[in-house]
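1. here's a sequence, model it:
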Amino acid sequence: MTNASEERRQRGVEDGWISVGAFAGSHGVRGDVRLKSFTDVPQALFSYPALHKGAGGPALKLKLLREAKDGFIVRVEGVMNREDAQALKGTKIYVPRDALQAEDEDEFYLADLIGLEARDPSGDVVGLVRAVENFGAEDLLELVLVTPLKGLGRHAFIPFRKAFVPVVDVKAGYVEILFDDWVKTQVSERDSDDAEKGGK
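-> The predicted structure follows:
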């Protein structure tokens with residue numbers, strides 16, 4: 001199973017830095033760059049005091065030109081042509097974790113959950129939080145499981161709500177998952193589907 005630090009790095013969370021966006025290639029011939037924001041409110045990307053090229057990398061000076069499909073069109077200081085702009089494609093933009101400091105001690109950012117252990121109520125580790133996804137309905141914790149589940153494999157998507165995730169302790173490095181309760185919902189849903197198919 002991938003270790004926590006590697007999982008966090010892959011998901012844009014590195015040593016006190018969090019990725020808030022990424023360049024998506026050139027736009028036009030003047031060196032303008034397409035930029036995708038990872039923040040909940042896309043425009044918030046431009047409110048940080050400083051944006052950095054890579055975790056701990058040099059500060060970037062961006063000028064917002066306009067909104068575009070799936071992001072923004074920006075001008076980056078020092079990027080003068082299409083080739084330079086295209087060379088930035090895939091480069092992530094980071095801010096110091098301190099810039100995202102939660103206002104309350106009990107608050108946290110979803111990025112803080114990546115890499116945490118997922119434990120059941122008895123304290124046994126059932127997996128690792130690989131990502132926080134949202135496919136339109138609600139936030140889901142993607143777990144890489146220690147032991148694959150029959151019919152589901154090694155990945156599980158747990159609804160991020162109190163009914164299944166009653167405890168989040170970022171400082172202690174874990175979330176508590178009512179894993180057995182979640183598994184029962186998966187089995188019952190599958191049984192229901194099978195029953196419907198059998199009745200047809």
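
2. tell me what the strand or helix carrying residue 22 is packed against?
-> Following DSSP states H and E, the helix or strand that holds residue 22 is strand 17-27. With contacts defined as 3 or more CB pairs under 8 Å, 6 or more residues apart in numbering; DSSP states H and E, strand 17-27 has these neighbours: strand 32-37, strand 51-53, strand 71-76, helix 82-87, strand 92-96. C-beta coordinates here come from the backbone N, C-alpha and C atoms, glycine included.

3. and the angle from that strand to strand 32-37?
-> 140 degrees (axes from the mean of the first three to the mean of the last three CA atoms, to 10 degrees).

4. and strand 17-27, which strands flank it?
-> strand 13-14 (antiparallel), strand 32-37 (antiparallel), strand 92-96 (antiparallel) (DSSP bridges).

5. rewinding a little: looking at the helices and strands packed on strand 17-27, which is nearest to residue 161?
-> strand 32-37 (25.8 Å; CB to CB).

6. so for the closest one, what's the average pLDDT?
-> Strand 32-37 shows a mean pLDDT of 93.

7. so what touches it?
-> 20-27, 43-45, 62, 65, 68, 70-76, 79, 85, 88, 93 (CB atoms under 8 Å, 6 or more residues apart in numbering).

8. buried set for it?
-> 32-37 (16 or more other CB atoms under 10 Å).

9. turn the strands paired with strand 17-27 into a markdown table, columns for distance to residue 115.
-> Below are those laid out as a markdown table (distance: least, CB to CB, whole Å):
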| stretch | distance to residue 115 |
| --- | --- |
| strand 13-14 | 7 |
| strand 32-37 | 22 |
| strand 92-96 | 16 |
